[in-house]
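In: 3D model of this:
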Amino acid sequence: MKRAPIVIAATIAGTAAVLSFQPNPADRLPVAESPLSATARANASGDQILLGTDVPNQYGHVQVQVVMRAGKIADVRAVRLPDGDGKSREINRAAAPQLKQQALRAQSAAVDGVSGATYTSDGYRQSLQAALDRAAASPSIPAQPA
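Out: Sure, this is the predicted structure:
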């Protein structure tokens, strides 16, 4: 009975310490610079550059940028991926290139996803589909000076 107050106090202190934990911002992956305010634009060579929607999940946000050339997906770049903890960064370092290759191969948002990166895969698929929908809605975007 005499140990109960000590155990309770230690439990409260431990819980408070865990809840107040903040990850070190230096450990985060750098977020690629992108025109997040613009959803669609064209570059000097006439490629369409389209930004997918920002798709939140329980680990962070997923957002892609798509380059369309002559009506085909020429490039896909993840501009946001979950990076709130080391495990998410590790998973997404491996998943992003695989998701990109799947999108380029499929020429659509019909990507299979990556095992172990389900939330990222789902968000990638949704953001990619939104960008492709924007491409279909605005097939000719005038080039903007760089």
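In: Let me know the pLDDT of the closest residue to residue 92 other than its chain neighbours.
Out: Nearest non-adjacent residue to residue 92, counting by Cβ to Cβ, 6 or more residues apart in numbering: residue 81, 4.2 Å away. Heads up, the C-betas are built off the backbone N, CA and C, glycines and all. You'll see residue 81 listed with a pLDDT of 94.
In: ok, residue 81 to residue 115 distance?
Out: Taking Cβ to Cβ, to the nearest Å as the measure, residue 81 falls 17 Å from residue 115.
In: Of the two, which one has the most company?
Out: Taking neighbours as other Cβ atoms under 10 Å, residue 81 and residue 115 compare with residue 81 leading, 26 against 9.
In: isn't that one right next to residue 119, touching?
Out: No. Judged on Cβ atoms under 8 Å, residue 81 makes no contact with residue 119 at a distance of 10.3 Å.
In: Identify the contacts common to those two.
Out: Here residue 81 and residue 119 have residue 62 as joint contacts, going by Cβ atoms under 8 Å, 6 or more residues apart in numbering.
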